[in-house]
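A.B. asks: Build me a structure from this.
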Amino acid sequence: MRFITAFLDLLFPRLCYSCNSKLLYNSDVLCRECSTHLQFLEDICPVCGEIISSGKCEKCEITEFYFDLARSLYHFDPLLQKLIHEFKYNEMTVIAKLLAKEAAVYLDRYKPFDSIDYLVPIPLHRVKKRMRGFNQAELLTRNLAPFIDCEHTPKMIVRNRFTTTQTKLNRSERRQNVDNAFKVNKKYNVKGKCILIMDDVFTTGATTNSISKMLKESGAEKVYVLTIARA
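C.D. replies: Next comes the predicted model:
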């Protein structure tokens, strides 16, 4: 098998998604040098996970968060921007596998959350999912689920309505855009459950906060948030 892989690499060399250098046979996404730039965030707010330089979190002071804890693996630097863009818009599913493995390592190392009953991706509206062809958050949770002891429930949260992209909206507009945009699938009982919701990037937290509020109103005991990057 190693010989076949080496032969294919000779004919069709795989390149690092960051620097375009040739990958070794045991690498799929990043070269060894670029991989060293993936450093987990540590100087963060103990509640919302925001990167802080002092003991005071400005984001927690101006926002009422409904989740219990939020964590992000990395800062949304140029390397993460490139990886997530390739994954999100060019359907590079091999990147989803790498990021999910990194999430599993993070959870095992830091153990930020208590026991989790359900692992839930941020849902896409069916129109957006049809246009893109897949839900990037669901690819992450699907690849993460085998590493953690909880049930993967990609259909638990449903979008009530189509929402415009959050990318060019300010904080207030983002909150209004997703307000009451989600509901719990009636097939699931979340009362008393601990739920981990996952997405690719945490920016203002408007989407995860809206879902967290809805889950708490539906009786969830704990709601946690995990994202790959923090903008």
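A.B. asks: make it CA atoms for all contacts and neighbour counts henceforth
C.D. replies: Noted.
A.B. asks: pLDDT weak spots in this protein?
C.D. replies: Across the chain, the ranges flagged by pLDDT under 70 are 1-12, 91, 162, 164-165, 167-169, 171, 177.
A.B. asks: and it, what are its domains?
C.D. replies: 1-34, 38-230 (automatic domain parsing).
A.B. asks: distance between the ends of the longest one?
C.D. replies: Just to be clear, that refers to domain 38-230. 13 Å (C-alpha to C-alpha, to the nearest Å).
A.B. asks: returning to what we had before: pick the most buried one from the domains of the chain.
C.D. replies: Across those, averaging neighbours per residue (mean count of other C-alpha atoms under 10 Å) puts domain 38-230 on top, at a mean of 18.
A.B. asks: For the chain, which segments count as strands?
C.D. replies: Residue ranges of the strands in the chain, as given by DSSP state E, are 69-75, 118-121, 151-152, 157-159, 182-184, 194-202, 222-230.
A.B. asks: list the helices and strands the fifth one packs on?
C.D. replies: Going back to what we said before, that points to strand 182-184. Counting by 3 or more C-alpha pairs under 8 Å, 6 or more residues apart in numbering; DSSP states H and E, the packing neighbours recorded for strand 182-184 are strand 157-159, helix 206-217.
A.B. asks: could the ones you listed be laid out in CSV, adding distance to E58?
C.D. replies: Output for those, formatted as CSV (distance: least, C-alpha to C-alpha, whole Å):
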stretch, distance to E58
strand 157-159, 29
helix 206-217, 16
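A.B. asks: which residues are contacting the helix ranked longest in the chain?
C.D. replies: Of all segments of type helix in the chain, defined using DSSP state H, the longest is helix 93-110. Helix 93-110 is contacted from outside by 28-29, 40, 73, 83-84, 87, 136, 139-141, 143-144, 147-148, 228, using C-alpha atoms under 8 Å, 6 or more residues apart in numbering.
A.B. asks: Let's see that with 6 Å instead.
C.D. replies: Helix 93-110 is contacted from outside by 87, 140, 143-144, using C-alpha atoms under 6 Å, 6 or more residues apart in numbering.
A.B. asks: mind saving the C-alpha coords of it as PDB?
C.D. replies: C-alpha atoms of helix 93-110 as PDB (Å, rounded to 0.1, in the frame of the first residue of the first chain):
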ATOM      1  CA  THR A  93     -13.600  17.000   2.700                       C
ATOM      2  CA  VAL A  94     -10.000  15.800   3.600                       C
ATOM      3  CA  ILE A  95      -9.700  19.100   5.500                       C
ATOM      4  CA  ALA A  96     -12.800  18.200   7.500                       C
ATOM      5  CA  LYS A  97     -11.100  15.000   8.600                       C
ATOM      6  CA  LEU A  98      -8.000  16.900   9.700                       C
ATOM      7  CA  LEU A  99     -10.000  19.600  11.600                       C
ATOM      8  CA  ALA A 100     -12.200  17.000  13.300                       C
ATOM      9  CA  LYS A 101      -9.100  15.000  14.500                       C
ATOM     10  CA  GLU A 102      -7.600  18.300  15.800                       C
ATOM     11  CA  ALA A 103     -10.900  18.900  17.700                       C
ATOM     12  CA  ALA A 104     -10.700  15.500  19.200                       C
ATOM     13  CA  VAL A 105      -7.200  16.100  20.400                       C
ATOM     14  CA  TYR A 106      -8.300  19.500  21.900                       C
ATOM     15  CA  LEU A 107     -11.200  17.900  23.700                       C
ATOM     16  CA  ASP A 108      -9.000  15.200  25.100                       C
ATOM     17  CA  ARG A 109      -6.300  17.500  26.200                       C
ATOM     18  CA  TYR A 110      -8.300  20.300  27.800                       C
END
